[in-house]
Structures are given as C-alpha cells and as structure tokens.
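*Asks:* Structure of the sequence below:
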Amino acid sequence: MENLAERNPLQIMIVDDVPINRRVLGLLLSRLGYRPDLAESGSAVLSMLSRRTYDLIFMDINMPDMDGIATIRQIRSLPTLAHQPRIVAVTGNLQWRKAEIVTAGADGVMVKPVHFHQLKRMFLLDDRQPSPHSPAVSHSTADILDQKIVQSLISLDDGDFIRDLVETADRELPTEVDLLETALRSGTADSAIAHAHRLRGAAATLGGRDLATQAGIMECLARRGDLEAPLDHLVAIRSTLSLTLLELRRLASKPPNAQVGPKMCNFRAASSA
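*Replies:* Numbers count the residues shown, from 1 in each chain. Predicted coordinates for the structure are as follows:
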C-alpha cells in the first residue's frame, strides 16, 4: 500500500465516542501510513489541542455531552490556538444539521460508513497532497453528484454535449465564486445573494448536489443580512467546487455510451453512532 504519510506527514486526530468507529477509521488511515491520535469526547479534543498541534481532525458529529458541532465551534474560537487544524465532520446522515456543520467551521464532511477510497481520494484530490495550509473537503462521489441528474445529462450526450457542459462549468463556476467573495468582502448583500443563487442553480443543474447545498446555505445567510459567516466557508466551497469539477471532467472523458460506473452504495444510511 502506498505510504502517503512519507510524502505528506500530518498530525491527525480521530474523534468518536464509539471505540469501534475510532478503531476502523484508524486502521483505514494506517493503510495510508498515518498513525492518528484518538479522542473519545469533545473535552478530550480540547485537552489534546492544548498539548499538541494537529493538522487534520476527523470529528464525529453525534456525541453525548459536547457534540461535534459544539466542539468545532470551541476549536474555531480558541484565541490561544496558534495553528487551526482542518476539520472533517463525520456523520451518519449528511443532511442532519448540515447547515450547522458548515457554519460551525467544518472544512468538509464524510458520511458513515467511511470507506478507504473516500480517504485516499481526499489525500489525492486533484493530484495534490493536502498540506497544513490547504483545507480538505472530503465526500463520497454519491454525495458530490446526484446520479439521477448525471444520468439524465449523459442520456443527452451526442459526443460533445457533456464535454462542452464541463468546459462551460470550468470557466463560469470559479468566476461565480470569485464574484461572490468580492460581494461578501465589499458588504454588497444584493450582489452576494445573486451570485450565491446563480452558483446554487448551476450546481443543481449539473448534478452537483453538495455544491448546491453549500451555495444555498450561503444564499440563505446573505438573505438574512449575514455576510460574515459565508466568508468563513469560502475555502470549503472552493474545495467542493474543485472536486465537483474533477468528477464532471472524469465523466466528460468517457465515451458517450460508457457506463458511469457501478451503482453507488447508499452512504446516507443512518448510523447507530
């Protein structure tokens, strides 16, 4: 198995109140060469962060006492923390409290049960290894793309349709995010709403399920007059956009009648954790 940790060493923490969940995710990461530290509660996380610097934290959301969302908020508000880690939320249901997960400060979301290919995709995203300075967003392909919409688009392909569509998305969507950031930083609410709305609509049309959800959250916040919170999530939305375009490019590279791939497993199944 390829040892990614040798090329890209990271200090990683796994947070989960269920011992078997910590064990399984730890074993998956060990296949990539990592030796993560383990924490069983939000209070344990805060204690460990006071003693050691971490680059990446996998944070279970559904925990007793202090849940993952509250723990993320605590981490993001720590004034004495010199190095803010990347935080990937881990949940049994992607839609459960999704807005809270994003606005709390998570850089990405993974859906239980976590599979090895999800982890490897995260570390190899866009042929770049993650670094302590580039937050990672991790999803399964089933979360990134709405397969029904994708199949519908593919059915229209005459050999050029998908490729042209992806080329258009490559040009227009990053620009839309840039314009959204400009509007947010200048305090122009109407413009921020318009660009978030266009980004959400384009993502939904392309089958970019998670990108559409994130853009919708930013649109909602802007409509409420909150232009500060969306700024905190621009890195996350750019990462989601990058992965969405990567998946669409992969589809565009296939012959018109090629299969998209095996039927996706239902990673949204409720977890007992």
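
*Asks:* Next, M66: phi, psi?
*Replies:* Main-chain torsions, M66, degrees, to the nearest 10: phi -100, psi 110.

*Asks:* again, but for D55
*Replies:* Dihedral angles for D55 - degrees, to the nearest 10 - are phi -90, psi -30.

*Asks:* Check whether M110 sits in a helix, strand or coil.
*Replies:* The three-state label for M110, taken from DSSP: H, G, I helix; E, B strand; the rest coil, comes out as strand.

*Asks:* What is the burial count for it?
*Replies:* 24 (other Cβ atoms under 10 Å). All C-beta atoms are positioned from the backbone trio N, CA, C, and that covers glycine.

*Asks:* Please tell me how far it sits from L56.
*Replies:* Distance, M110 to L56, by Cβ to Cβ, to the nearest Å: 12 Å.

*Asks:* Identify the residues contacting the residue lying closest to I149 once chain neighbours are set aside.
*Replies:* Spatial nearest neighbour of I149, chain neighbours left out: G207 (3.5 Å); criterion: Cβ to Cβ, 6 or more residues apart in numbering. G207 sits next to L145, D146, Q147, K148, I149, V150, L153 when contact means Cβ atoms under 8 Å, 6 or more residues apart in numbering.

*Asks:* returning to what we had before: between M110 and L56, which contacts overlap?
*Replies:* With Cβ under 8 Å, 6+ apart as the test, M110 and L56 both reach V88.

*Asks:* picking up where we left off before, just want the phi and psi numbers for the residue nearest to I149.
*Replies:* According to degrees, to the nearest 10, G207 has phi 90, psi 10.

*Asks:* Could you look up the SS state of I14?
*Replies:* Applying three-state DSSP: I14 is strand.

*Asks:* neighbours around it, how many?
*Replies:* Residues near I14, counting by other Cβ under 10 Å: 24.

*Asks:* Which strand residues bridge it?
*Replies:* L38, F58 (DSSP bridges).

*Asks:* Quick check: it vs R23, distance?
*Replies:* Taking Cβ to Cβ, one finds I14 at 9 Å from R23.

*Asks:* try A204
*Replies:* From A204 to R23 the distance is 38 Å (Cβ to Cβ).

*Asks:* before we move on, what about E167?
*Replies:* Taking Cβ to Cβ, one finds E167 at 45 Å from R23.

*Asks:* element containing I154, please.
*Replies:* Following DSSP states H and E, the helix or strand that holds I154 is helix 147-155.

*Asks:* And that helix, what's buried?
*Replies:* V150, L153, I154 (16 or more other Cβ atoms under 10 Å).

*Asks:* before we move on, what about stretch 55-70?
*Replies:* 55-63, 66-69.

*Asks:* now, the most widely separated pair of the residues you listed?
*Replies:* Within the buried residues of stretch 55-70, D55 and N62 form the most distant pair, 24.1 Å apart (Cβ to Cβ).

*Asks:* thinking again about what came up before, CSV for the contacts of G207, including distance to P174?
*Replies:* As requested, the contacts of G207 are exported to CSV (distance: Cβ to Cβ, whole Å):
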residue, distance to P174
L145, 18
D146, 21
Q147, 24
K148, 26
I149, 21
V150, 20
L153, 20
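
*Asks:* Go through the residues you listed and name the one nearest C220.
*Replies:* Closest to C220, out of all of those and judged by Cβ to Cβ, is D146, at 19.9 Å.

*Asks:* The closest one contacts R209, doesn't it?
*Replies:* Yes. Using Cβ atoms under 8 Å, D146 is in contact with R209, at 4.5 Å.

*Asks:* who's more crowded, the two?
*Replies:* Legend: neighbour count by other Cβ under 10 Å for D146 and R209, higher for R209 (22 against 18).
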